[in-house]
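Participant: I'll drop the sequence and a predicted model, then ask my questions.
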Amino acid sequence: MFNVLNNLKIGKRIFILVLAPAIGLAILALTFFSGDRSVELAFQDNQKSARLADMIGELRVKAAELARREKDFLLRNDDRSVSQSKAAAELIEVMLVVLGDSTVNGDLAEPTARLKALMASYESQFSKVVLLQRNQSNGGRKGTLARLELDLDAAVASLNLDNVTGKIMAARSRVKDFRQREFQQGETESPAEQKALESRFSGLLDDMEKEIMAAVTSHALPLEEIERIKKLVGAYRNANVVWATGDRVFKVNVRLLSDIASQMDPYFIKIETVADNGQAMSAKTLMEARETTRMVWFSGVASLMGIILFFGFLVGRSIIRPIKAITGVFEKVATGQLNVAIPSQDRKDEIGQLARILASFHENTTQAVRTQSALDVASAPFMLVEPQGTIVAINKAAEEMFRTAEADLQAVIPEFRAGALVGSWIMAFGGVLADDKPETTKHERMVIGGRTFDIVMTPVLNSLGERLGTSIEWKDMTDQLATEQQVATIVHAARDGDFTKRILVSDKSGFMLDLSRGMNDITETVDRGLSETVRMMSALARGDLTQRVVGEFKGSFLQLKTDANTMADKIRAIARRISGVSGEVQGATREIASGVADLSARTEHQASSLEETSASMEQLATTVRQNAGNAQEANRLAAAASTSATSGGDIANRAVTAMGRIEDSSRQITEIVGLIQDIAFQTNLLALNAAVEAARAGEAGKGFAVVANEVRALAQRASQASKDIKGLIVNSDTQVREGVTLVKQAGSSLTEIVASVKKVATLVSEIAAATQEQSSGIEQVSKAVTGMDQMTQQNAALVEETNAALQSAQAQVDELRNVVDFFKTDDRAAEERDRSEALPEPVNPVRQQFQALARKVAGGRAAAVAPVYDDWKEF
């Protein structure tokens, strides 16, 4: 609030003081109308809550009706209860939609959404229960049980088994009693109890089935009749099991339906609670709105009075306090306290403008004092000159510099005094300072009395661009220029290869003394390192390999020393090695020359042996070609035999196929006879049923009974005849199967013969091909032997050339030894003797090559002879 007032003009503050009461009156009027509107809205909410409570009451009635229609259907199993339940569910869903869209209370959204989902599940589950109930009713599984009971009674009655009929009725009565007693008790069983009940029921059905079949099998009945009754009893048993399973599924779904209904009850209760709370809350809100409107009106009047007084106090305070604060600050400035802050500068009113003007004045005063203090402590020589040329300020560094050069400057300016420069004229220095008022920063060099100065002149301007004076920065360059001249002399000498020059350090001090000593150390190090290196390289040029670089060095000169000494060591080692190797090469060339002479004689002997070998290979090739022709003829005969055997195998396979078709025909005839037996059995059964019906008809059916008995007798004779025919066909089928087995065995034998003949033909073909390859190989070997003969002649010529080359190589080795003898390696003879004693006998590469050639040409024979003849000359 205070910051806002500080940014306003004083006139605006007075206007706000008048405007505040008017705004307060307007707010009171708006508050009255707002309170009246709140009362009206609260009354409307109260009416909506009442209507909502009525709708929820009707919803509970429909929910109770839905549960009642469910019970009616389970008791009566009628469509009317289903349609009434569906209508009640649809009405409940409509009410839930209306309640969900209601804006009276937001707490209804969640329970209505849950009830919608549960209602959808309830309708789906109720439809499933209806379907399961109808499947269990008389039109479903109960009807199936009734039909099976009639079929079983008819089958037993047709056989005139009175005692069996009684047992069937007794067993069936026990099953029905168990169903009505145990399975019709309602929905009280748990899943485990239901499973146990089904297990007991299954045991009862097993006992019933065993009892009925024991009674039936006690009579001498045809096997077909027993099987028929057994199937009916099994079907009746399975139908009871299916009914029991369906009853369990039905009860589980009824239980699920009840669970869904029980899940809806808490949400109905929650909706009722929300409605009751909403109605009570709306009534309470109506009363509170009326009380609030009344209290706000009275509070507004009191607040308006307080606001008027509060704003009057704020406006007066915002004008008086800052003026007092500014007055106190300038009282401190007047006493010399400059480190004070001017308050109220951020204000945007007339007081803020006054504070900013006073702050600018205070800043200029403080800056002038700080500038003077900074000049006194600056390290660079500095002076300030007025536009008229009078020196008005000089710092301590400049005063010290001029005091050092005072004697030299007085030789030119007799009246010069280093301690009395302030107040004197700058023109007394002469030169560029005599009459120069630069407009921008200017750099000059000036020489006075043997002293050289670098000066920087910068104009000093105020904020309006008016000249206030000139600042001059001084730097005495006399010692630096002298040192630079001496360094240049050393650099030029070093560039010409002379590193003996040095800088005089007796007249230096400070940085220039350190620089001079450093330059002298550098030239000394370079001179000493190069001198040692030149000495060693000169000895190396004379062939003396014993000289080394000595002395203590660092950095690159240490690396130069290490590399130069290493190079000398390497050269000396190479010279020694070349000397030793040249001796070894000289001995090897003599040994090779002797071996080459021996090789020439052996090459001539090898040429004569190859001629004899070539003649023998020609005779061997002729014999192999004859064997190849005989093998081709044997291959042709074997192929013909294989073709004949294959034809025999195909005939045997066709015979096996024909016998298989005969076997299939016999099997089909057997099936036809079986069909005739089934027809006879069905005819006998129809005749039996006709006799039963005739017996029921009494006197009117006697004639029909006679005909039925004749038909039955005819069916029995047909059945007996078909049995005889079946026996003959089965015997014939057995004989056919034995014939098929024999034919298959014959076919298998022929197949093995065919495979053996083909294998023989393949072997003969391979022998012929191998013989042909042998013939080709021998011809190639003969050509190779001829080529070897030619190569042997060429080898003889090469041996002569090799001998001449060895003579030339021996001369070159002698020349190499003469060159190596130029170098002095320090006691070479003793080192060569020690090395020859320490090293093993050198391996002669020429000898190794000849031994490898011997093993390649002679094979095993050379390997056997090698241990005896170790010397390569014996090859």
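Facilitator: Received it, and whenever you're ready, just let me know what you need. This structure is a prediction, so every number in the text was calculated from the model and none was measured. Numbering: from 1, shown residues only.
Participant: Run a quick neighbour tally on L384.
Facilitator: 20 (other CB atoms under 10 Å). Heads up, the C-betas are built off the backbone N, CA and C, glycines and all.
Participant: typo on my end, it should be A235
Facilitator: 15.
Participant: Check the one 10 residues further on too.
Facilitator: The number of residues packed around T245, counting by other CB under 10 Å, is 12.
Participant: cool, and T31?
Facilitator: 16.
Participant: how much space between it and E766?
Facilitator: Look at T31 and E766: by CB to CB, to the nearest Å, they are 123 Å apart.
Participant: where exactly do the helices run in the stretch 251-400 of the chain?
Facilitator: 350-377, 396-404 (DSSP state H, counting those that start in this stretch).
Participant: What sits closest to P387 if chain neighbours are left out?
Facilitator: R467 (5.4 Å; CB to CB, 6 or more residues apart in numbering).
Participant: what about that neighbour, distance to V781?
Facilitator: 119 Å.
Participant: rewinding a little: of the helices of the stretch 251-400 of the chain, which shows the lowest average pLDDT?
Facilitator: Note on the helices of the stretch 251-400 of the chain: lowest mean pLDDT is at helix 350-377, with a mean of 68.
Participant: per-residue confidence at G747?
Facilitator: For G747, the model assigns a pLDDT of 67.
Participant: scratch that, S424 is what I was asking about
Facilitator: Note on S424: pLDDT of 79.
Participant: does W474 sit in a helix, a strand or a coil?
Facilitator: strand (DSSP: H, G, I helix; E, B strand; the rest coil).
Participant: So it is in contact with A398, correct?
Facilitator: Yes. Here W474 reaches A398: they are 5.8 Å apart, a contact under CB atoms under 8 Å.
Participant: between those two, what contacts are shared?
Facilitator: Any residue near both W474 and A398 by CB atoms under 8 Å, 6 or more residues apart in numbering counts here, and that gives P381, F382, M383.
Participant: quick one: T458 is in a strand?
Facilitator: Yes. Using three-state DSSP, the assignment for T458 is a strand.
Participant: wait, what's in contact with it?
Facilitator: P438, T441, K442, T470, S471, I472, E473.
Participant: backbone phi and psi for the residue nearest to P387, please?
Facilitator: The phi/psi pair for R467 (degrees, to the nearest 10) reads phi -70, psi 130.
Participant: how far away is it from E524?
Facilitator: Taken as CB to CB, the span from R467 to E524 is 56 Å.
Participant: got it, and A63?
Facilitator: 116 Å.
Participant: Give me the more crowded residue out of the two.
Facilitator: In terms of neighbours (other CB under 10 Å), A63 is the more surrounded of A63 and E524; the figures are 20 against 13.
Participant: In terms of pLDDT, where does A838 sit?
Facilitator: So, for A838, pLDDT stands at 43.
Participant: got it, and E288?
Facilitator: pLDDT, read off for E288, is 74.
Participant: tally of neighbours for it?
Facilitator: Neighbour count of E288, defined by other CB under 10 Å: 14.
Participant: likewise M55?
Facilitator: M55: 14 neighbours (other CB under 10 Å).
Participant: looking at this, it is in a helix?
Facilitator: Yes. Assessed by three-state DSSP, M55 belongs to a helix.
Participant: gap between it and K270?
Facilitator: Counting by CB to CB - M55 and K270 are separated by 15 Å.
Participant: and the nearest residue to L132 once chain neighbours are set aside, what element?
Facilitator: Closest residue to L132 apart from its sequence neighbours, by CB to CB, 6+ apart: F250 at 4.3 Å. Here F250 sits within helix 223-334, counting by DSSP states H and E.
Participant: and K396, how far is that from G423?
Facilitator: 17 Å.
Participant: Of those two, which one has the most company?
Facilitator: Taking neighbours as other CB under 10 Å, K396 and G423 compare with K396 leading, 14 against 8.
Participant: Now do that one against I455, distance only.
Facilitator: 18 Å.
Participant: Show the average pLDDT along stretch 14-32.
Facilitator: 73.
Participant: Could you give me the buried positions within it?
Facilitator: Judged by neighbour count (16 or more other CB atoms under 10 Å), stretch 14-32 contains these buried residues: I16, A20, G24, L28, T31.
Participant: For the stretch 651-800 of the chain, which segments count as helices?
Facilitator: Using DSSP H, counting those that start in this stretch, helices in the stretch 651-800 of the chain cover 702-820.
Participant: thinking again about what came up before, now, among the shared contacts of W474 and A398, which is nearest to E406?
Facilitator: P381 (13.5 Å; CB to CB).
Participant: how about that closest one, phi and psi?
Facilitator: According to degrees, to the nearest 10, P381 has phi -60, psi 130.
Participant: doesn't K475 make contact with it?
Facilitator: Yes. Between P381 and K475 there is a contact under CB under 8 Å: 6.9 Å.
Participant: Who has more neighbours out of the two?
Facilitator: Counted by other CB under 10 Å, P381 and K475 do not tie: P381 has more neighbours, with 21 against 14.
Participant: measure the more buried one to I448 for me?
Facilitator: According to CB to CB, P381 stands 14 Å off from I448.
Participant: next one: L99
Facilitator: From L99 to I448 the distance is 109 Å (CB to CB).
Participant: can you list the weak-confidence ranges in the stretch 451-600 of the chain?
Facilitator: Counting by pLDDT under 70, the stretch 451-600 of the chain shows low-confidence ranges at 506-510, 586.
Participant: Would you map the helices across it?
Facilitator: 478-495, 510-541, 555-697.
Participant: could you dump these to TSV with distance to T751?
Facilitator: Shown next, in TSV, are those (distance: least, CB to CB, whole Å):
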stretch	distance to T751
helix 478-495	109
helix 510-541	96
helix 555-697	5
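Participant: Relative to F201, which of the ones you listed is closest?
Facilitator: Closest approach to F201 among these (CB to CB): helix 555-697, 32.5 Å.
Participant: picking up where we left off before, so which of the helices of the stretch 451-600 of the chain gets nearest M169?
Facilitator: Nearest of these (CB to CB): helix 555-697, 17.9 Å.
Participant: In PDB, list the C-alpha atoms belonging to the host helix or strand of V82.
Facilitator: Per DSSP H and E: V82 is located in helix 79-100. Provided in PDB are the C-alpha atoms of helix 79-100 (Å, rounded to 0.1, in the frame of the first residue of the first chain):
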ATOM      1  CA  ASP A  79     -42.700 -65.000 -18.800                       C
ATOM      2  CA  ARG A  80     -44.800 -62.400 -17.100                       C
ATOM      3  CA  SER A  81     -42.300 -62.100 -14.200                       C
ATOM      4  CA  VAL A  82     -39.500 -61.700 -16.700                       C
ATOM      5  CA  SER A  83     -41.200 -58.800 -18.500                       C
ATOM      6  CA  GLN A  84     -42.200 -57.100 -15.300                       C
ATOM      7  CA  SER A  85     -38.600 -57.400 -14.000                       C
ATOM      8  CA  LYS A  86     -37.300 -55.900 -17.300                       C
ATOM      9  CA  ALA A  87     -39.700 -52.900 -17.100                       C
ATOM     10  CA  ALA A  88     -38.700 -52.200 -13.500                       C
ATOM     11  CA  ALA A  89     -35.000 -52.300 -14.400                       C
ATOM     12  CA  GLU A  90     -35.500 -49.900 -17.300                       C
ATOM     13  CA  LEU A  91     -37.300 -47.500 -15.100                       C
ATOM     14  CA  ILE A  92     -34.500 -47.700 -12.500                       C
ATOM     15  CA  GLU A  93     -31.900 -47.000 -15.200                       C
ATOM     16  CA  VAL A  94     -33.800 -43.900 -16.300                       C
ATOM     17  CA  MET A  95     -34.000 -42.600 -12.700                       C
ATOM     18  CA  LEU A  96     -30.200 -43.200 -12.300                       C
ATOM     19  CA  VAL A  97     -29.500 -41.200 -15.400                       C
ATOM     20  CA  VAL A  98     -31.600 -38.300 -14.000                       C
ATOM     21  CA  LEU A  99     -29.900 -38.500 -10.700                       C
ATOM     22  CA  GLY A 100     -26.400 -38.600 -12.300                       C
END
